[in-house]
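>>> could you look at this predicted model? Sequence included:
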Amino acid sequence: ETSWSAEERSRFLEELLGDDRGEEPLFASSTEEMDPKLVEALVQLRDGDEPPRTLAVDAKDRGNRHFTTAVKTKKLMWYREAAKEYGDGLALCVAAAKEEATEDVVKKLESTLKANRAACSLALRNFGSAKCDAREALVADPTNTKAMFRMAKACLALEQWDAAVKAAQLGQFADLLAVAHKKRKDSEQARDKRRQANVAYFEALRRKGVGKVARFVSSERPVVVSQDDDDDDVTFPLVLEYPEVDVPFDLVKEARFEDTVGDWLGTVLETSEEPYRPLKVDVYVEVKETTPTFFPDADAYDRDCERQRGCDDKDDVEEEDDGAKIYLEVDPDEPLGAVLSHERFVLDGPVHLQLRPKDSKA
């Protein structure tokens, strides 16, 4: 068993206060956030001679009945009804704190209500709200074991392994602590494997001569078929575009660094009509006028991969401005690897080549 001092408990709660990571609580996260007018209206609604603290206890009891009904019927609506009653009870605690001198009693009641509402949020899978309420419950009453249990459960669901371990240790929940330790270890092992894969991938591209690698803007990206320090087998997508005619582009899914542009012209344009014949076109590679940000090393590439992985909404990932494009002429007899190693070329997806008739004025 682990024994925590009051100072350690306080430090743990302070750490949690700074660890929201964008969570969106469904309910007000503290009684101070409640509109005083709503509190007053609620007291009037629960009209009678009963003091606010008694009314708050009544709201808690109604919430508990709704929660029991939810467990029995497995209907989520009852969890919502229970959460609403607990919220009403919290508003009444605000009024009670102003009218009564029994601050400790009100604080304990507030802690119970928040811990109960955290249980509703866990059942509704609103883990951010559950964590916020459990945390506030512990601020009001650090000895609230149920709040600490729900804090540990919420942190596990949010994959915040360190916080889950600390909460389970503080509450002395042996089973939860074992789960949190295992999850953290599994997460660390998975992260290590991802890092190894990201670093190996980046270094394989560098060994093939790619000078600059940026964030990939397409799911079509180079594939490391096999790795060997002396001879990496890497394929990449190649797009052949025909800007002067209204025809679809051609996609070569598995071009190799050793292939020449002329090889693929002969394959793709073998049956094409004039003027798009293998020996009658000029080839240009698309690059950006302003060199986009690229990764200086494998560690930077790995960190960016993790950051993108952590974005639930891919729209949240910052995208670099496309900017103006320029086209550099390519010698058809050179290997494609020479294109990818050009000082102006940054690999961020398929390699785009434009084919234009030799007599083109474009």
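Looks like it came in fine.
>>> ok so residue 205 is a helix residue?
Yes: judged by DSSP: H, G, I helix; E, B strand; the rest coil, residue 205 forms part of a helix.
>>> can you get me a residue count around residue 184?
17 (other CB atoms under 10 Å). From N, CA and C alone the C-beta is placed, and that goes for glycine too.
>>> and the pLDDT at it?
Residue 184 carries a pLDDT score of 95 in this model.
>>> you'd agree it is in a strand?
No: if the criterion is three-state DSSP, then residue 184 is helix and not within a strand.
>>> which residues sit in contact with it?
Going by CB atoms under 8 Å, 6 or more residues apart in numbering, residue 184 touches 161-162, 164-165.
>>> now do 7 Å
Neighbour list for residue 184: 161, 165 [criterion: CB atoms under 7 Å, 6 or more residues apart in numbering].
>>> now do the strands in this structure.
Assignment of strands within the chain using DSSP state E yields the ranges 223-226, 233-241, 250-256, 281-288, 325-330, 351-357.
>>> got the angle for the second one vs strand 250-256?
When you say that, I think you mean strand 233-241. 160 degrees (axes from the mean of the first three to the mean of the last three CA atoms, to 10 degrees).
>>> please apply the same query to the fifth one.
Comparing the axes of strand 325-330 and strand 250-256 via the same axes, to 10 degrees yields an angle of 60 degrees.
>>> what angle sits between strand 325-330 and strand 281-288?
140 degrees.
>>> and for the third one?
Relative orientation of strand 250-256 with respect to strand 281-288: 80 degrees, computed using the same axes, to 10 degrees.
>>> strand 250-256 to strand 351-357, inter-axis angle?
Using the same axes, to 10 degrees: strand 250-256 against strand 351-357 is 120 degrees.
>>> buried residues in strand 250-256?
The neighbour-count check on strand 250-256 (16 or more other CB atoms under 10 Å) flags 250, 252, 255-256 as buried.
>>> what do you get for stretch 289-296?
So, applying 16+ other CB under 10 Å, buried residues of stretch 289-296: 292, 294-295.
>>> swap in stretch 141-151?
141-142, 144, 146-151.
>>> could you check how far residue 151 is from residue 83?
Separation of residue 151 from residue 83 (CB to CB, to the nearest Å): 17 Å.
>>> scratch that, residue 145
Remark: distance between residue 145 and residue 83 (CB to CB) = 21 Å.
>>> if we can go back for a sec, export the buried residues of strand 250-256 as a markdown table, with columns for distance to residue 336.
Compiled in a markdown table, these are given as follows (distance: CB to CB, whole Å):
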| residue | distance to residue 336 |
| --- | --- |
| 250 | 15 |
| 252 | 10 |
| 255 | 6 |
| 256 | 7 |
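>>> dump those to CSV, plus pLDDT and distance to residue 221.
Listed next are these as CSV, based on pLDDT from 0 to 100; distance: CB to CB, whole Å:
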residue, pLDDT, distance to residue 221
250, 90, 18
252, 91, 14
255, 92, 13
256, 91, 15
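>>> which residues does residue 192 contact?
Contacts of residue 192 (CB under 7 Å, 6+ apart): none.
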